[in-house]
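Novice: My questions concern the predicted model and sequence given below.
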Amino acid sequence: MNDATRSVLADGMARWGAFIEANASWAEAIFFLCAFAESLAFVGFAVPGLVLIATGGALVASGALGFWQVYAAIALGAVLGDAASYWLGRVFGDHVPRVWPFRRRPELLERGSRFFLRHGGKSVFLARFLGPLRPVVPITAGMMAMPHHTFQTANLLSAVIWVPLMMMPGFVMAKGVGIDELLTGATAMPAAPRKGGDTPCVPAPPISGEPPRC
């Protein structure tokens, strides 16, 4: 991860982390809706899924939320989002290309169709890990009448693996940078020597209204 990507991710996590902590009683619902929308064919392109799910990893690292509650909410949202996209493809079939956003950007469905034809049943599993294809391949699989049980098997297996991988950047960044600095967007202070000695100390995070202190 380069510095620019890391900075964008950290900034997004700071904003979403503050929002989720302020609405902690709704945390599971927020993560569920985020994962559901991020996997849904018609809105997945507009949802900052990576940032929101990585924020879940950061909040787990801080101890603010439990791993299993975040994991279950995201996994369930991802599975149901793909399942909804699949059934939209099965039900509406040839009408899908005439609906936004595919009406304005037909290349999205074309890309999903090529990927599906190239990889067959594996395409649903693989597309979960490929951001631009994630919201497209499930609806394509439905349009092409992929067997339901084959689709759902790939859907479930890919979600089980995908969720912790998407949470990992937030978890690692929170552990490496410090959860307080990451979720508030603060910059870590450099180490400074103690007065009257050579032993270095690391300033503690500032308390509201007070300067950093060793």
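Specialist: Good, I have the coordinates.

Novice: tell me, how many neighbours does residue 28 end up with?
Specialist: 17 (other Cβ atoms under 10 Å). In this view, the C-beta of every residue, glycine as well, is placed from N, C-alpha and C.

Novice: same for the longest helix belonging to the chain, what does it pack against?
Specialist: Longest helix in the chain by number of residues (criterion: DSSP state H): helix 148-177. Judged by 3 or more Cβ pairs under 8 Å, 6 or more residues apart in numbering; DSSP states H and E, helix 148-177 is in contact with helix 3-22, helix 49-62, helix 67-92, helix 122-127, helix 137-143, helix 179-184.

Novice: how does it look with 10 Å?
Specialist: If you count contacts as 3 or more Cβ pairs under 10 Å, 6 or more residues apart in numbering; DSSP states H and E, helix 148-177 packs onto helix 3-22, helix 27-39, helix 49-62, helix 67-92, helix 122-127, helix 137-143, helix 179-184.

Novice: For residue 111, which of these is the nearest?
Specialist: Closest of the helices and strands packed on helix 148-177 to residue 111 is helix 137-143, at 9.1 Å (criterion: Cβ to Cβ).

Novice: Any idea how far the closest one is from the middle of the chain?
Specialist: Distance of helix 137-143 from its chain centroid, counting by Cα atoms, centre = their mean, to the nearest Å, is 21 Å.

Novice: Poorly predicted segments of this structure, please.
Specialist: Residues of the chain that meet the criterion pLDDT under 70 lie in 1-9, 44-48, 177-214.

Novice: what about 90?
Specialist: In the predicted model of the chain, residues 1-25, 34-35, 37-59, 61-65, 89, 91-113, 117, 120-121, 130-136, 169-214 satisfy pLDDT under 90.

Novice: could you say which helix or strand contains the closest residue to residue 102 other than its chain neighbours?
Specialist: Spatially, and ignoring its direct neighbours in sequence, residue 102 is nearest to residue 109 (5.0 Å; Cβ to Cβ, 6 or more residues apart in numbering). Residue 109 belongs to helix 107-119 when assigned by DSSP states H and E.

Novice: now the angle from that helix to helix 67-92?
Specialist: Computed by axes from the mean of the first three to the mean of the last three Cα atoms, to 10 degrees, the angle separating helix 107-119 from helix 67-92 equals 100 degrees.

Novice: Helix 107-119 - contacts with which helices or strands?
Specialist: Here helix 107-119 touches helix 122-127, helix 137-143, going by 3+ Cβ pairs under 10 Å, 6+ apart.

Novice: What residues sit buried inside that helix?
Specialist: 108-109, 111-113, 115-116 (16 or more other Cβ atoms under 10 Å).

Novice: try stretch 80-97
Specialist: Neighbour-count burial for stretch 80-97 [16+ other Cβ under 10 Å]: 80-86, 88-90, 96.
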